[in-house]
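A.B. asks: Fold the following and give me the result.
(chains A and B)
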Amino acid sequence: MADNKALTTRAADFSAWYNELIMRAELADYSPVRGCMVIRPNGYAIWEQMQRALDQMFKDTGHQNAYFPLFIPQSFLAKEAQHVEGFAPETAVVTHGGGKLLEEPLVVRPTSETIIYSMYAKWIQSYRDLPLLINQWANVVRWELRTRLFLRTTEFLWQEGHTAHATEAEAEEETLMILGLYRTFMEQWMGMPVLTGRKTDSERFAGALRTYSCEALMQDNKALQAGTSHNLGQNFARAFDVQYQSADGAMEYVWNTSWGVSTRLVGGLIMTHGDDTGLVCPPRLAQYQAVIVPIYKTDEERGTTLEVAQRIRADLQKAGFRIHVDARDGLKPGAKYYEWEARGVPLRLEIGPRDVGNGVATMARRTGGPKEPLPFADIVARFGQEVDRMQQGLLATAIARREANSLRAPKSKQEFIDFLAADGGFVYAGWCGDPAVEEEIKQ
RNA sequence: CGGGACGUAGCGCAGUCCGGUAGCGCACCUGAAUGGGGUUCAGGGGGUCGCGGGUUCGAAUCCCGCCGUCCCGACCA
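C.D. replies: Take a look at the predicted model:
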């Protein structure tokens, strides 16, 4: 790697630590375009793992993937009054195509409600067409004033689910089901505990009836909005005339939901588990759950340890684990350790002549503690235990930290003020379980 | 859009006050040795000094203008 100095510590400057970690772990890089980022292979691999898990969860709950266009006619955005008010200020607009001025400017989607519900109007005729449960994986563009790698970039990757239902109750059920699905993913895959709740009117999605959110505590004692699920009511159905004929022959507007999580989750992962050495990636989302480092002096030792390393990799891969053998020559083992630790690989297996002689691999955990020998004989079982233990351990650690910092919704304005005065680690970042209390606090 | 810092090799920086041959560390390339926690030695390649103008015999350095980046705030997946 290009830099072998220590990271700025979290305690010294959390923002600097965050930026340096991303560069060191080669997760992303700044692009020539202001506010945009390049997601490098190490970072994209984490996003791919997230996509894989979420995509399966969506499909298991009856959703299908589709793809809608990047460009939206500008007039579409204006059809829902609150929606245009919320998003128009931060859109990128295409005015020319093929060297000619366009008759109607095209908005680069900041979100896809309008283009999707314009299509739903064509596809939905009967109550038999409902519910319609569609998700898309896409990029969107929002012209933010201030950007940060993964957390808020001008262009970002996300999934957006868009559903249509016959009744308000069904739409609400879907909205809350997805909120729970997000929570399961964030806790069980990312090891990131979240509080779920309803946003206030002022922080509600532009055009929604109700917005629910997952909020997670980061190590700087700030909360991160990690995902949102909206009950859109009939606002978009009316704006785009999405009607169906009910069983008794009446024409009714559908009830919609939309919900999304983005590459911001990668930022949340970093800020939840990262330490002053670099990234700490939960095993379920790690590109590699372990890296095997062969250690040798002579060519003969090199041949032996590499052969054993490859055999162990094959065994572990057969059992479904993701393993990498770092066979690069000319780098001392210690240099490899530092590099893989910065990248967050959960487990490391060292295999040197002594290990081969003892019939073990020496295992080191990214989360610290003494190294341990894993006998070749039952390495697959032991490895699986370690993976599970680390996955659960990371969540437990994050929960304990949250408890220690008292992240919870204030129950009254006075409680909020008291916490601020005491500086007791109370976290308030635009989330509150009770909208009424939050409105009161804002005053 | 307000406040602050900055822009010199891929990265991090010195040099700027006081104008005079473009430097250092890391990374990279070649060779040899080394190898259980960031190897060592030797050799080597790489630069419109952010851009434009001005002053000057001469500008990374002084003057004017512009552009860009990062950090902190107001707004947001």
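
A.B. asks: what's around the nearest residue to A:Ala361 once chain neighbours are set aside, how many residues?
C.D. replies: In space, and not counting its chain neighbours, A:Ala361 is closest to A:Leu349: 4.3 Å by CB to CB, 6 or more residues apart in numbering. (C-beta placed from N, C-alpha, C; glycine too.) A:Leu349 is flanked by 25 other residues according to other CB atoms under 10 Å.

A.B. asks: hang on, A:Leu349 packs against A:Arg365?
C.D. replies: No. Taking contacts as CB atoms under 8 Å, A:Leu349 lies outside contact range of A:Arg365: 11.0 Å.

A.B. asks: Report the central residue of chain A.
C.D. replies: Nearest to the geometric centre of chain A sits A:Leu265, at 2.3 Å (CA atoms, centre = their mean).

A.B. asks: Wasn't that residue part of a helix?
C.D. replies: Yes. A:Leu265 sits within a helix when classified using DSSP: H, G, I helix; E, B strand; the rest coil.

A.B. asks: tell me the mean pLDDT over the helix or strand where A:Arg313 lies?
C.D. replies: Per DSSP states H and E, A:Arg313 falls inside helix A:299-318. Summarised as a single mean, pLDDT over helix A:299-318 is 95.

A.B. asks: try stretch A:354-362
C.D. replies: Averaged over stretch A:354-362, pLDDT sits at 96.

A.B. asks: Just the buried residues of that stretch, please?
C.D. replies: Within stretch A:354-362, the residues scored as buried using 16 or more other CB atoms under 10 Å are A:Asp355, A:Val356, A:Val360, A:Ala361, A:Thr362.

A.B. asks: do stretch A:265-281 as well
C.D. replies: Buried residues in stretch A:265-281, defined by neighbour count with 16+ other CB under 10 Å: A:265-275, A:277-281.

A.B. asks: Pick out the most distant pair among these.
C.D. replies: Of all pairs drawn from the buried residues of stretch A:265-281, the widest gap by CB to CB lies between A:Leu265 and A:Thr277 and measures 21.7 Å.

A.B. asks: thinking again about what came up before, show me what the helix holding A:Arg313 is packed up against.
C.D. replies: Packing partners of helix A:299-318 (3 or more CB pairs under 8 Å, 6 or more residues apart in numbering; DSSP states H and E): strand A:290-294, strand A:323-325, strand A:347-351, helix A:353-358, helix A:379-404.

A.B. asks: for those, which one ends up most surrounded?
C.D. replies: strand A:290-294 (a mean of 26; mean count of other CB atoms under 10 Å).

A.B. asks: relative to helix A:379-404, how tilted is that strand?
C.D. replies: Angle of strand A:290-294 versus helix A:379-404, following axes from the mean of the first three to the mean of the last three CA atoms, to 10 degrees, is 130 degrees.

A.B. asks: quick one: strands adjacent to strand A:290-294?
C.D. replies: Using DSSP bridges, strand A:290-294 pairs in its sheet with strand A:323-325 (parallel), strand A:347-351 (parallel).

A.B. asks: helix or strand right after the first one?
C.D. replies: It refers to strand A:323-325. helix A:333-343.
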